[in-house]
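J.: here is a sequence with its predicted model. Questions after.
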Amino acid sequence: MEGFDVVSPRSVWSALTRSAAYDAAGGGNRLLPGIPDDRFRKLHDPKILRRRARDGYNNNPWLRRAVDLLVASAIGCGIKPQYRSKSPEAKATVQRDWMRWADYADFSGRRDFYRIQQDALKAALIDGESLVRMVLDPSQKIPLQLQLLSCEFLDTTRVDDRTINGIEYDAAGRRVAYWLYSNIQPWRRTWSPSGFQRIR
């Protein structure tokens, strides 16, 4: 037809498949650093994905907005338990103790219980996992505090017949313990974990 170019079906299909490719599977300059290979060992190393996810949250306003909306929708101002009792006195006592504990639930003393929920979910969405350690403190009226840890605390190099990537399983396949570093400084560019402990 005069005035129109003839386009082959193969070229149309090629253009469609190029534009429909997953961005994360692309090979542009933006994705060149740290492209993983197909070796089995690398498939179980989440460091590249975690670095990209953290960078995306810090530098991509759309991604940051999506994560913040998910946290706000799931947690909001915090998930609060409701104590069911026919006794108004008992209900008031439990509610008072709960509110007192929620303000001091964080082992580091920087968050309340509801902020721990928000930060734990945010870490799970960005890093793929979050770690919350229960710490017993007999000096407190309610001797329980929660310690939110970054995923770098997990000793992923520990692998044996019962432990995979720092997570220990029983014979039935249930998780029974975590191997955690006792002292790390992940904010430094180079750091060396020192010591570890088994947390059940």
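T.: Received it, and whenever you're ready, just let me know what you need.
J.: drop to CA atoms for contacts and neighbour counts, all remaining ones
T.: Noted.
J.: ok, longest strand in this protein?
T.: Longest strand in the chain, counting residues (DSSP state E): strand 175-183.
J.: shaky segments in the chain?
T.: Along the chain, the model assigns pLDDT under 70 to residues 1-46, 183-200.
J.: OK, contacts around residue 131?
T.: Residue 131 makes contacts with 120, 148-151, as judged by Cα atoms under 8 Å, 6 or more residues apart in numbering.
J.: same question for residue 64.
T.: 56-58.
J.: cool, residue 79 as well?
T.: 114, 117.
J.: same check on residue 66?
T.: Per Cα under 8 Å, 6+ apart, neighbours of residue 66: none.
J.: am I right that residue 154 is in contact with residue 178?
T.: Yes: between residue 154 and residue 178 a contact is recorded at 7.3 Å, counting by Cα atoms under 8 Å.
J.: give me the more crowded residue out of these two.
T.: residue 178 (23 against 20; other Cα atoms under 10 Å).
J.: gap between the more buried one and residue 166?
T.: 6 Å (Cα to Cα, to the nearest Å).
J.: what touches both of these two?
T.: With contacts taken as Cα under 8 Å, 6+ apart, residue 178 and residue 166 have residue 154 as neighbours in common.
J.: just the buried ones from the contacts of residue 131, in PyMOL syntax?
T.: Restricted to buried positions by 16 or more other Cα atoms under 10 Å, the PyMOL selection for the contacts of residue 131 reads:
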select buried, resi 120+148+150+151
